[in-house]
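Participant: sequence isn't available, so here's the structure alone:
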Ligand SMILES: O=c1ccn([C@@H]2O[C@H](COP(=O)(O)OP(=O)(O)O[C@H]3O[C@H](CO)[C@@H](O)[C@H](O)[C@H]3O)[C@@H](O)[C@H]2O)c(=O)[nH]1
Ligand SMILES: O=C(O)[C@H](O)COP(=O)(O)O
């Protein structure tokens, strides 16, 4: 089984070049798709120059929609409506066995290479999906664990499984597992909902330590608004799965 990397990206011109190059270097990866989610900077051109296929949302639609668009492009490359699509080396991208999807955040830079470890259990058939567990980050974050706690509690109540880092977005899934998790919950609810839906479908989910470093949210107003949006989306994802009780603690 080969691997397609899907990178959702909103205003990531500073890091997207390094992230795409690292993704292209992962063994088994022959497709890297960047979904430019309504960026106002040079994310799309930079990603294309680095060797990614780029889909663009003309307006910002959130991370989950970006993942859906990226997966849709992979599907189309594998089963093109008109003619065969080739990679840079001239190999046809069509395949009988759908590629595993490796979901990688755009702000990982060169450390994105470490997501290679996520593909190992999936390609070996030992898991249907894997989730990265990150080490302590180089710069400290400014959160108080409210969103993380809510997501962890919700997943635990819904499935009996306690995730180490419930919001971790670096994941590898077989195509069947990705389809089982669709439609993805909107925005920042996507990871929490995906974990619940995969486990409820009886699929095997594993956590894999990966030496990844991303831009952490600080303590300023912008970061607090970001956390409020995350909280809102996780509440919605849990409510849709009958887990509003998790909000009360
Ligand atoms: O409207 C948006 C906003 C962000 N992104 C991209 O989504 C990824 C994650 O966004 P980021 O700003 O880095 O969010 P964080 O709060 O740092 O992310 C943590 O929490 C998120 C869930 O709330 C997870 O998706 C992430 O994997 C996890 O690192 C990045 O590639 C962004 O460019 C979009 O595609 N569309
Ligand atoms: O900064 C973070 O880790 C996320 O934005 C989640 O915030 P939290 O610390 O409020 O859970």
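Facilitator: Here it is on my side, so go on. Please read all numbers here as calculations on a predicted model, not as lab measurements. Residues are numbered from 1 along each chain as shown. Ligands and ions are numbered 1, 2, ... in the order given.

Participant: how far away is the residue of the chain found nearest ligand 1 from residue 102?
Facilitator: Proximity of the chain to ligand 1 (C-beta to the nearest ligand atom) peaks at residue 169, 2.2 Å away. C-betas here are computed from N, CA, C, even on glycine. Going from residue 169 to residue 102 by C-beta to C-beta, to the nearest Å gives 11 Å.

Participant: pLDDT score assigned to the residue nearest in space to the middle of the chain?
Facilitator: Taking C-alpha atoms, centre = their mean, the centroid of the chain lies closest to residue 103, which sits 3.5 Å from it. Note for residue 103: predicted pLDDT of 99.

Participant: pick out whichever of residue 169 and residue 102 has more residues nearby.
Facilitator: Neighbour totals were compared for residue 169 and residue 102, and residue 102 leads with 27 against 18 (other C-beta atoms under 10 Å).

Participant: pairing partners for that one in the sheet, please.
Facilitator: With DSSP bridges applied, residue 102 shows beta-bridge pairing to residue 5, residue 172.

Participant: residue contacts, it?
Facilitator: 3, 4, 5, 6, 23, 26, 29, 115, 118, 119, 171, 172 (C-beta atoms under 8 Å, 6 or more residues apart in numbering).

Participant: neighbours of the fourth one, just the number please.
Facilitator: Applying the criterion other C-beta under 10 Å, we find 26 residues in the vicinity of residue 6.

Participant: once you drop chain neighbours, what's closest to it?
Facilitator: Nearest residue to residue 6, sequence neighbours excluded (C-beta to C-beta, 6 or more residues apart in numbering): residue 70, at 3.4 Å.

Participant: how far out from the middle of the chain is the helix ranked longest in the chain?
Facilitator: What stands out as the longest helix in the chain, according to DSSP state H, is helix 221-239. Helix 221-239 has its C-alpha centroid displaced from the chain centroid by 17 Å (C-alpha atoms, centre = their mean, to the nearest Å).

Participant: also stretch 57-76?
Facilitator: Relative to its chain's centre, stretch 57-76 lies at 11 Å (C-alpha atoms, centre = their mean).

Participant: and ligand 2, is that stretch touching that?
Facilitator: No. Judged by C-beta under 6 Å from any ligand atom, stretch 57-76 stays clear of ligand 2, getting no closer than 12.6 Å.

Participant: now do that stretch, average pLDDT.
Facilitator: Average pLDDT, stretch 57-76: 97.

Participant: contacts for it, please.
Facilitator: So stretch 57-76 is contacted by 4, 6-10, 31, 33-38, 53, 55, 98-99, 101, 103, 169, 178, 182-190 (C-beta under 8 Å, 6+ apart).

Participant: rerun at 6 Å
Facilitator: With C-beta atoms under 6 Å, 6 or more residues apart in numbering as the test, stretch 57-76 has contacts from 4, 6, 8, 33, 35, 37-38, 55, 101, 184, 186-187, 190.

Participant: dump the residues you listed into JSON lines; add secondary structure and distance to residue 159 as well.
Facilitator: Shown next, in JSON lines, are the contacts of stretch 57-76 (DSSP: H, G, I helix; E, B strand; the rest coil; distance: C-beta to C-beta, whole Å):
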{"residue": "4", "secondary structure": "strand", "distance to residue 159": "27"}
{"residue": "6", "secondary structure": "strand", "distance to residue 159": "24"}
{"residue": "8", "secondary structure": "strand", "distance to residue 159": "25"}
{"residue": "33", "secondary structure": "strand", "distance to residue 159": "29"}
{"residue": "35", "secondary structure": "strand", "distance to residue 159": "28"}
{"residue": "37", "secondary structure": "strand", "distance to residue 159": "29"}
{"residue": "38", "secondary structure": "coil", "distance to residue 159": "33"}
{"residue": "55", "secondary structure": "strand", "distance to residue 159": "32"}
{"residue": "101", "secondary structure": "strand", "distance to residue 159": "21"}
{"residue": "184", "secondary structure": "coil", "distance to residue 159": "17"}
{"residue": "186", "secondary structure": "coil", "distance to residue 159": "20"}
{"residue": "187", "secondary structure": "helix", "distance to residue 159": "21"}
{"residue": "190", "secondary structure": "helix", "distance to residue 159": "16"}
